[in-house]
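**Student:** Have a look at this fold, sequence not included:
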């Protein structure tokens with residue numbers, strides 16, 4: 001009994017410690033943003049003439065949500081194929097896709113820019129979505145494939161005996177069972193896409209198409225920054241990151257379920 005109580009106390013202490021580590025930077029940023037002029041700094045950012053805050057957040061939301069949905073669709077189909085189907089070159093193709101994880105985005109900026117420009121996708125949402133999907137898909141594919149490996153093959157064999165096609169088995173068996181890991185993939189892809197800076201820097205050219213990571217530079221581009229400027233910078237950082245934080249917090253339940261389910265099946 002004492003051992004169980006001690007274990008719970010240690011767990012709570014550890015959780016509180018990690019919570020403080022996470023909250024401390026946010027609290028510090030909020031305190032700095034309120035140091036001079038208070039809430040007027042947030043009003044200044046929301047009414048800033050050079051960058052429309054709601055338009056910038058809307059651009060990031062369109063790109064992040066679209067990328068997450070496309071990655072979720074592609075990786076569930078790919079994970080199902082690599083996990084449950086059998087075809088020539090299956091292992092080699094899968095390993096080549098995983099090898100893409102070793103390629104950093106910065107090393108392919110030149111061919112990436114040339115390709116996007118050749119297809120006339122510069123300064124478009126599609127020009128952002130395609131490379132973001134390409135760079136996020138390999139990791140998410142590996143996660144979903146490993147999850148699908150833990151689903152018994154007997155379920156699919158039973159469906160095949162009943163006359164179900166491969167796609168029917170994917171739609172009626174694999175997708176309903178992949179809810180936890182799919183939620184995990186959608187949320188993580190959204191967060192990674194929302195926070196990406198390099199690809200928007202390559203693709204976006206005009207202010208109306210700016211994402212939150214590019215908009216931040218408008219508040220940090222001056223050579224000299226007064227205390228008022230610093231307070232506004234903190235306010236801008238908090239406002240630009242708030243949507244992703246809210247989505248992450250509301251999705252914690254699904255993230256934990258996905259990670260736990262994946263660990264059990266693994």
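**Tutor:** Great, that's in hand. Since this is a predicted model, take the numbers as computed values, not measurements.

**Student:** Helices along the stretch 101-250 of the chain, start to end?
**Tutor:** Taking DSSP state H, counting those that start in this stretch as the test, the helices found in the stretch 101-250 of the chain are 109-118, 125-149, 153-161, 166-169, 175-177, 179-195, 198-203, 212-215, 227-250.

**Student:** Export those as a markdown table, with columns for mean neighbour count.
**Tutor:** Every residue, glycine included, has its C-beta placed from N, CA and C. Formatted as a markdown table, the helices of the stretch 101-250 of the chain follow (neighbours: other CB atoms under 10 Å):
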| stretch | mean neighbour count |
| --- | --- |
| helix 109-118 | 14 |
| helix 125-149 | 21 |
| helix 153-161 | 13 |
| helix 166-169 | 15 |
| helix 175-177 | 13 |
| helix 179-195 | 21 |
| helix 198-203 | 20 |
| helix 212-215 | 22 |
| helix 227-250 | 17 |
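
**Student:** Give me the below-cutoff pLDDT ranges for the protein.
**Tutor:** Residue ranges of the chain with pLDDT under 70: 1-3, 221-224, 254-266.

**Student:** hmm, try it at 50
**Tutor:** Scanning the chain for pLDDT under 50 picks out 258-266.

**Student:** any idea how far residue 19 is from the closest residue in space to residue 116 that isn't next to it in sequence?
**Tutor:** What sits nearest to residue 116 in space, not counting adjacent residues and going by CB to CB, 6 or more residues apart in numbering, is residue 127, at 5.0 Å. Distance from residue 127 to residue 19, counting by CB to CB, to the nearest Å: 39 Å.

**Student:** just residue 121 next, same as before
**Tutor:** From residue 121 to residue 19 the distance is 42 Å (CB to CB).

**Student:** out of these two, which sits in the busier spot?
**Tutor:** residue 121 (17 against 10; other CB atoms under 10 Å).

**Student:** Enumerate every residue touching the nearest residue in space to that one that is not next to it in sequence.
**Tutor:** Spatial nearest neighbour of residue 121, chain neighbours left out: residue 127 (3.2 Å); criterion: CB to CB, 6+ apart. Residues in contact with residue 127, defined by CB atoms under 8 Å, 6 or more residues apart in numbering, are 116, 119, 121, 203.

**Student:** how about those residues, which pair is most distant?
**Tutor:** 119 and 203 (11.3 Å; CB to CB).

**Student:** buried set for the helix or strand hosting residue 19?
**Tutor:** Here residue 19 is covered by helix 2-33, with elements defined by DSSP states H and E. Buried residues in helix 2-33, counting neighbours by 16 or more other CB atoms under 10 Å, are found at 29, 32, 33.
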